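*Asks:* Following is a predicted model, sequence given first.
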Amino acid sequence: MSESSARQPIRIAQHGYALDVLAHLGGALAGLQFQGQDVLRRVAAGIDEPLDSAGFALMPFANRIAHGQFRIGTRTVQLDPNAPGQQHPLHGQAWRAPWTVELREAARLALAYEHTAGEWPWAYRARQVFTLSESGLEVDLALENRAAEPMPAGIGWHPYVRRTPAARLRATVEGVWLADAQCLPTALASPEATWDFRDGVLMPPTLVDHCYSGWDGRAELVLPEEHLCVRIAAEEPLRWLHVYSPPGESFLCIEPVSHIPDALNRAEPPTVSGLRLLAPGASLRARVMLTVSRTPLGA
């Protein structure tokens, strides 16, 4: 396979859905269509930055680690920034590395990434499997600790869902992590401190970049202008919902994650922060389902 062909999106399609994946670019998504209509944001051909993609997996941690530094036992770990314009490293290593195609079928694609110990001092194996069915897009995430000692571990999924001016987001959450100017969590508050999505919220024109706790694993984005409803359902341990909606953009990130930002530096217990240590040989797994349906006129 030539280098140019290896950089082309891999397409799987079934039941009205079509998914394009960039294995060489962090296993990122290049697009998802339903009945020929874009569900995720449209991606320019030949992109070389995962932040310009339509979505990617978060492993072995989600969101930010403050200044890239944390302690595990007696060990201090220092990570360099890994995204343009960001002083705090984001989302782990897997989203910025090439993935290997393990399985390719008409409606199923499996990718893997093998990390050797280095700046992140634990070896691990990441895997994501995309499956299309009548129910939509299923994303299976798995993270295996291949080090000889426990590894801090987190997983998540970061889709860039298209939004319209009248888009409304609905989700049931119990709390929201307020954040400072660097988008690092400061305190846990009631959802009403930002936006309470329980009854459906018209997304504001201002920046939203918050992590919500006590999520029941269900979220729904209605695009009335296009008569579309996008539903996301996530299994445990994805019980935190990170919502990122930058002003002036035509997308909204609805991110199921297994822990809060900077969980490695928080004093709260793991039940609050989501921080967990993965034993040698153990795996952390979760499944996300994205389903698209048509909404009636006027709904």
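*Replies:* Nice, thanks for sending it over.

*Asks:* Could I get the buried residue list for stretch 248-256?
*Replies:* Neighbour-count burial for stretch 248-256, counted by 16 or more other C-beta atoms under 10 Å, picks out 251-256. Bear in mind the C-beta positions are built from the backbone N, C-alpha and C, glycine included.

*Asks:* ugh, wrong one, I meant stretch 211-219
*Replies:* In stretch 211-219, counting by 16+ other C-beta under 10 Å, buried: 211-213, 215, 217, 219.

*Asks:* What strand or helix carries residue 187?
*Replies:* For residue 187, the host element (DSSP states H and E) is strand 185-189.

*Asks:* hang on, the earlier thing: quick one: which of the buried residues of stretch 211-219 is nearest to residue 39?
*Replies:* Taking C-beta to C-beta as the measure, residue 219 is the one of these closest to residue 39, at 13.9 Å.

*Asks:* so how far is residue 171 from that closest one?
*Replies:* 4 Å (C-beta to C-beta, to the nearest Å).

*Asks:* now swap in residue 162 and tell me
*Replies:* From residue 162 to residue 171 the distance is 17 Å (C-beta to C-beta).

*Asks:* Show residues contacting stretch 289-296.
*Replies:* Residues outside stretch 289-296 that contact it (C-beta atoms under 8 Å, 6 or more residues apart in numbering): 17, 32, 34, 39, 135-139, 159, 222, 224, 227-234.

*Asks:* Let me see the ranges of the strands in the stretch 1-150 of the chain.
*Replies:* 10-14, 17-22, 28-34, 37-38, 55-58, 69-72, 75-78, 100-104, 108-115, 124-133, 136-145 (DSSP state E, counting those that start in this stretch).

*Asks:* who wins for proximity to residue 185 among the ones you listed?
*Replies:* strand 69-72 (14.2 Å).

*Asks:* Give me the mean pLDDT for that closest one.
*Replies:* Mean pLDDT, strand 69-72: 95.

*Asks:* mind listing what's buried in it?
*Replies:* residue 70.

*Asks:* Show me what it is in contact with.
*Replies:* 76-79, 150, 152, 264-265, 277.

*Asks:* what's whatever helix or strand comes next after the strand holding residue 187 in contact with?
*Replies:* With elements assigned by DSSP H and E, the helix or strand that comes after strand 185-189 is strand 201-202. The contact list for strand 201-202, computed with C-beta under 8 Å, 6+ apart, reads 166-170, 195.

*Asks:* Mind picking the one among the residues you listed that's closest to residue 129?
*Replies:* Out of these, the member with the shortest distance to residue 129 (by C-beta to C-beta) is residue 169, at 26.8 Å.

*Asks:* where does the protein have low pLDDT?
*Replies:* Applying pLDDT under 70 to the chain flags the ranges 1-5, 296-299.

*Asks:* what about 90?
*Replies:* Scanning the chain for pLDDT under 90 picks out the ranges 1-7, 42, 73-74, 191-200, 203-207, 294-299.

*Asks:* starting at the chain centroid, how far to stretch 152-159?
*Replies:* 6 Å (C-alpha atoms, centre = their mean, to the nearest Å).

*Asks:* Just the CA trace of it, in PDB.
*Replies:* Below are the C-alpha coordinates for stretch 152-159, written out as PDB (Å, rounded to 0.1, in the frame of the first residue of the first chain):
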ATOM      1  CA  PRO A 152      -3.800   5.400  35.800                       C
ATOM      2  CA  ALA A 153      -6.400   4.900  33.200                       C
ATOM      3  CA  GLY A 154      -9.300   6.700  31.500                       C
ATOM      4  CA  ILE A 155     -11.200   6.400  28.300                       C
ATOM      5  CA  GLY A 156     -13.700   8.500  26.400                       C
ATOM      6  CA  TRP A 157     -15.000   9.500  23.000                       C
ATOM      7  CA  HIS A 158     -14.900  12.900  21.400                       C
ATOM      8  CA  PRO A 159     -17.300  13.300  18.500                       C
END
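
*Asks:* Appreciated, that's everything.
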